[in-house]
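# Need a 3D model of the following:
(one chain, ligands or ions: 3)
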Amino acid sequence: MRPSGPLPTFDQLIDVARRHGIEHLGVAPATVLERARTALVERKAAGLHSDMEFTYRNPERSTDPGRAVPGARSVIVAARSYQTDHEPERPVGVQARVARYAWIDHYAPLRDGLRELAAMLKASGERAVVFADDNSIVDREIAHLGGLGWFGKNANLLVPGAGSYFVLGCVITTAHYPVSRPVPDGCGSCRRCLDACPTGAIIAPGVIDANRCLAWLVQRGGSFPVEHRTALGDRMYGCDDCQEVCPPTVRLGRRHTVPLDGADGEVGAVEAWIDVLELLDASDAELLDRHGRWYVADRDPRWWRRNALLVLGNTGDPGDERTRRTLDRYRDGSDPILAEHAEWAAAELGIGTSP
Ligand code: B12
Ligand code: SF4
Ligand code: SF4
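Ligands and ions are numbered 1, 2, ... in the order given. Okay, the predicted model is just below:
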């Protein structure tokens, strides 16, 4: 027999969400996300998805809340800040930068909160399933329809008065709640993100060419495009440039901070800087143990080594003995892709070919 308590009010859901650091909650209709479906299909046909799968694999599925949860009537959408007061200092040595959203696991506390909301809905006899950064549903479009924010020209969803340093998720449910009011555009005539993107990946307002987006290039497998290697700079994972120049995000985001080590201390170590030479010495098992929650093609630590070699080429010290030995080891190694990246890095640093 289905349990059948009363349906929680939306205010009760908000109270519980806030206890999990979820400051923004809204309701979207559980209808097909037409604009996102068209965008996925058209951008895939134009090759803008590079070789990404995620929501592009099956646009029919990732844009239909009713496929994810049959009989769905509402989508409770949520945004949780990853802005923090604490900026970890850059340690000494050659260091690679990690984008802000990946300093700790911000999705775990978001999912915990959403699961509690889902449990409340289930207790009243409804179906309710949690999705956050999952291939089954396009998070930004549903958050936009649920009144959480507007689409910035940098393609991120910006929360009014708070900016875009937010991770997004939702609960798709058979319960019915009134749909939230949409948020109007807040970018106006600003175009800072378009001008600041180091590779020109924002090819039109709200449209990213993943072939050029550093946030994708560091995750995908294979050779890193030569024309974007210098622009990679010291990035290891993710890229924040189009948000770091965004006035609402940098100005207003500061009011919405979360502790980096989590209230219960369970979110794990902060990974804001990665020691490049240490990474290049580490075993596969060690790397997967340290960075395993990051997405990387085929879960293959080889691609982190590839990124690290490029960071070494961009920011390393050619006079440093350990740097020279590391590059020589990779140049002479059995992995042809890594050998070629080490060769590139050595050439950037003006270090000659091994004798
Ligand atoms: C694939 C993916 C990526 C890809 C592609 C990004 C992209 N723009 O599509 C890569 C690896 C590059 C990436 C990078 C990042 N990602 Co990502 N990514 C995803 C994922 C898995 C799917 C996104 C998707 O389906 N895109 C499809 C395209 C079609 O959507 P779109 O680009 O948003 O396009 C919309 C706009 O163009 C809009 N639109 C249409 N017409 C117009 C006209 C105008 C004028 C405007 C402004 C907009 C607009 O409609 C389109 C359809 O909705 C989602 C998780 C999920 N399940 O949804 C996370 C997600 C989008 N990523 C997220 C984050 C945090 C990032 C990064 C900030 C991480 C980082 N620091 O490196 C960067 C930001 C890069 C950027 N500028 O977009 C968050 C975004 C949070 C937020 N506040 O917006 C998400 C939602 C994950 C999550 N659950 O929190 N990501
Ligand atoms: S994440 Fe970086 S590379 Fe990608 S669009 Fe933004 S600024 Fe450009
Ligand atoms: S930088 Fe300007 S144009 Fe780009 S998302 Fe932010 S407000 Fe919009």
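
# Spatially nearest residue to the residue most central in space within the chain (excluding sequence neighbours)?
Centroid-nearest residue in the chain: residue 101, 6.2 Å away (criterion: C-alpha atoms, centre = their mean). Leaving aside its sequence neighbours, residue 101 sits nearest to residue 82 (C-beta to C-beta, 6 or more residues apart in numbering; 5.2 Å). The way it works is simple: take the backbone N, C-alpha and C, and place the C-beta from them, glycine included.

# swap in residue 195?
residue 245 (8.0 Å).

# how about the helices of the stretch 201-350 of the chain, start to end?
Assigned helices in the stretch 201-350 of the chain, in chain order: 214-217, 229-232, 241-244, 247, 276-281, 284-291, 302-315, 321-331, 336-349 (criterion: DSSP state H, counting those that start in this stretch).

# swap that for the stretch 1-150 of the chain, please
Under DSSP H, counting those that start in this stretch, the stretch 1-150 of the chain gives helices at 10-19, 34-45, 59-62, 65-68, 107-123, 139-145.

# Any chance of TSV for these, columns mean pLDDT?
Putting the helices of the stretch 1-150 of the chain into TSV (pLDDT from 0 to 100) gives the following:
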stretch	mean pLDDT
helix 10-19	97
helix 34-45	98
helix 59-62	97
helix 65-68	96
helix 107-123	97
helix 139-145	98
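
# Looking at the ones you listed, which is nearest to ligand 3?
For ligand 3, the closest of the helices of the stretch 1-150 of the chain is helix 139-145, at 12.6 Å, according to C-beta to the nearest ligand atom.

# starting at the chain centroid, how far to the closest one?
How far helix 139-145 lies from its chain's middle: 15 Å, per C-alpha atoms, centre = their mean, to the nearest Å.

# Tell me how many other residues crowd residue 317.
Other residues lying near residue 317 total 13 when counted by other C-beta atoms under 10 Å.

# The residue nearest to it when sequence neighbours are not counted: neighbour count?
With C-beta to C-beta, 6+ apart as the criterion, residue 317 has its nearest non-adjacent residue at 6.0 Å, and that residue is residue 323. The tally of other residues near residue 323 (other C-beta under 10 Å) stands at 22.

# pretty sure residue 16 contacts residue 116?
Yes. At 5.5 Å, residue 16 counts as touching residue 116 under the criterion of C-beta atoms under 8 Å.

# tell me the most buried of the helices of the stretch 1-150 of the chain?
helix 139-145 (a mean of 23; mean count of other C-beta atoms under 10 Å).

# Which secondary structure elements does that helix sit against?
Contacts defined by 3 or more C-beta pairs under 8 Å, 6 or more residues apart in numbering; DSSP states H and E place helix 139-145 against strand 22-29, helix 34-45, strand 74-81, strand 150-151, strand 157-158, strand 166-173.
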